[in-house]
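> structure for the following, please:
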Amino acid sequence: KNSNLHAAKKAANDEFSTQLADIENELKHYKDHFKGKVIFCNCDDPEESNFWKYFQLNFEFLGLKKLISTHFDDEKPSYKLELVGDVDGDGKVTKKDIIKTPLKQNGDFRSPECIDILQEADIVVTNPPFSIIREYIAQLDKYNKKFIFIGPQNIITYKEVFPLIKDNKL
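Numbering: from 1, shown residues only. Alright, predicted model coming up:
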């Protein structure tokens, strides 16, 4: 029943979509933490991501200050999407309020451009690339970022991760 996961692991394919229902079930526990915050989804295709969709649909309910997501492209410069509230002045936050800005780089979370965006963010919520999760978590720790992602439980056994749990950083 896990053949798609095993095949993706073999191919080092990190593109899995987290179901919107799973996101809603988990993030409902953090509602108060999001108020007035800048949320960064730095490893999701914002036009496909259910994390982006969740925060866009709940922008006002959660009282977000800003939502940012970067798109990754292997071969060319990419873009970011931002939502900062009711930009068009119609009294509600909708898709019309999303600002799309080209990036100079490819949207990789390790790029200087994405690190600049990371530094602006209060909380990172995303579906990270699990094949390089150690590097990803190390970056979040280096920049002292709060973060949420839904991932495999075996991550807690990684030698780079357990000290973060022990020090109450994860």
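> quick one: which helix or strand includes the closest residue in space to residue 95 that isn't next to it in sequence?
Among residues not flanking residue 95 along the chain, residue 56 sits closest, at 7.5 Å (C-beta to C-beta, 6 or more residues apart in numbering). All C-beta atoms are positioned from the backbone trio N, CA, C, and that covers glycine. Residue 56 is part of helix 50-57 when elements are defined by DSSP states H and E.
> look at residue 101 and tell me its secondary structure.
When classified by DSSP: H, G, I helix; E, B strand; the rest coil, residue 101 comes out as strand.
> so where's the protein shaky on pLDDT?
1-16 (pLDDT under 70).
> where do the helices sit along it?
Taking DSSP state H as the criterion, the chain carries its helices at 3-10, 20-27, 31-34, 50-57, 59-62, 112-120, 133-142, 162-166.
> now do the buried residues in the helix holding residue 56.
50-52, 54-56 (16 or more other C-beta atoms under 10 Å).
> re the thing from before, assess the claim that the residue nearest to residue 95 and residue 83 are in contact.
Yes. Using C-beta atoms under 8 Å, residue 56 is in contact with residue 83, at 6.0 Å.
> list residues touching both of the two?
Shared contacts of residue 56 and residue 83 (C-beta atoms under 8 Å, 6 or more residues apart in numbering): 67, 93, 98.
> quick one, what contacts the last one?
Residues in contact with residue 98 (C-beta under 8 Å, 6+ apart) are 56, 81-83.
> please apply the same query to the second one.
The contact partners of residue 93, taken as C-beta under 8 Å, 6+ apart, are 56, 59-60, 83, 85-86.
> looking at these, which is nearest residue 120?
Nearest to residue 120, judged by C-beta to C-beta, of these is residue 83 at 13.9 Å.
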